[in-house]
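> quick one, what's the 3D model for this:
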Amino acid sequence: MSGKIEDAVKEAAGAAQEQWGEATHSPKHQAKGAARRYTNQASYAARDAADCIKDQVQSNPFAGLAVAAGVGVFIGFLLGRK
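From the prediction side, this is the model:
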């Protein structure tokens, strides 16, 4: 949970840096702020998705096992093709 909070704080810092760049007409600060904001948004979304998947698998382990087996068979099929 602390990783999500850290990502949210860094996202806010990136947005502030981007706004600072707009106010001072500094493309360098705008780009750095946007990069920080979007990378932390992606990190937050990935952590949230992982938590959601973990909760789903814990509540219904057989469905998780079936999905994992299906993905394994699909990857094996793709790797076996020439």
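> wait, residue 47 sits on residue 7?
Yes - between residue 47 and residue 7 there is a contact under C-beta atoms under 8 Å: 6.8 Å. C-beta: built from backbone N, CA, C; applies to glycine.
> the more surrounded of these two?
residue 7 (20 against 15; other C-beta atoms under 10 Å).
> using the three-state scheme, assign the more buried one.
Following DSSP: H, G, I helix; E, B strand; the rest coil, we place residue 7 in the helix state.
> how many residues are close by residue 6?
When neighbours are counted by other C-beta under 10 Å, residue 6 registers 14.
> start the count at 8 instead of 1 going forward.
Yes, from this point I'll number from 8; that puts the last item at residue 13.
> need the residues touching each of residue 54 and residue 14.
Common neighbours of residue 54 and residue 14, using C-beta atoms under 8 Å, 6 or more residues apart in numbering, do not exist here.
> local confidence estimate at residue 10?
Residue 10 carries a pLDDT value of 75.
> so who does it touch?
50, 54 are the contacts of residue 10 under C-beta under 8 Å, 6+ apart.
> tell me the spacing between it and residue 21.
From residue 10 across to residue 21, the span is 16 Å (C-beta to C-beta, to the nearest Å).
> next one: residue 53
Taken as C-beta to C-beta, the span from residue 53 to residue 21 is 16 Å.
> more neighbours: which of the two?
More neighbours surround residue 21 than the other of residue 53 and residue 21, with 20 against 11 (other C-beta under 10 Å).
> let's see the pLDDT reported for that one.
82.
> where's it, which helix or strand?
helix 9-30 (DSSP states H and E).
> render the CA-only coordinates of that helix in PDB, please.
The C-alpha trace of helix 9-30 is given here as PDB (Å, rounded to 0.1, in the frame of the first residue of the first chain):
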ATOM      1  CA  SER A   9       2.800   2.400   0.700                       C
ATOM      2  CA  GLY A  10       4.100   2.000  -2.900                       C
ATOM      3  CA  LYS A  11       0.800   3.400  -4.100                       C
ATOM      4  CA  ILE A  12       1.000   6.300  -1.800                       C
ATOM      5  CA  GLU A  13       4.500   7.000  -2.900                       C
ATOM      6  CA  ASP A  14       3.500   6.900  -6.500                       C
ATOM      7  CA  ALA A  15       0.600   9.300  -5.900                       C
ATOM      8  CA  VAL A  16       2.900  11.800  -4.100                       C
ATOM      9  CA  LYS A  17       5.400  11.600  -7.000                       C
ATOM     10  CA  GLU A  18       2.700  12.000  -9.500                       C
ATOM     11  CA  ALA A  19       1.600  15.200  -7.700                       C
ATOM     12  CA  ALA A  20       5.200  16.400  -7.600                       C
ATOM     13  CA  GLY A  21       5.500  15.800 -11.400                       C
ATOM     14  CA  ALA A  22       2.300  17.700 -12.000                       C
ATOM     15  CA  ALA A  23       3.600  20.600  -9.900                       C
ATOM     16  CA  GLN A  24       6.900  20.600 -11.800                       C
ATOM     17  CA  GLU A  25       5.000  20.600 -15.100                       C
ATOM     18  CA  GLN A  26       2.900  23.600 -14.000                       C
ATOM     19  CA  TRP A  27       6.000  25.400 -12.800                       C
ATOM     20  CA  GLY A  28       7.500  24.900 -16.200                       C
ATOM     21  CA  GLU A  29       4.400  26.300 -17.900                       C
ATOM     22  CA  ALA A  30       4.500  29.300 -15.600                       C
END
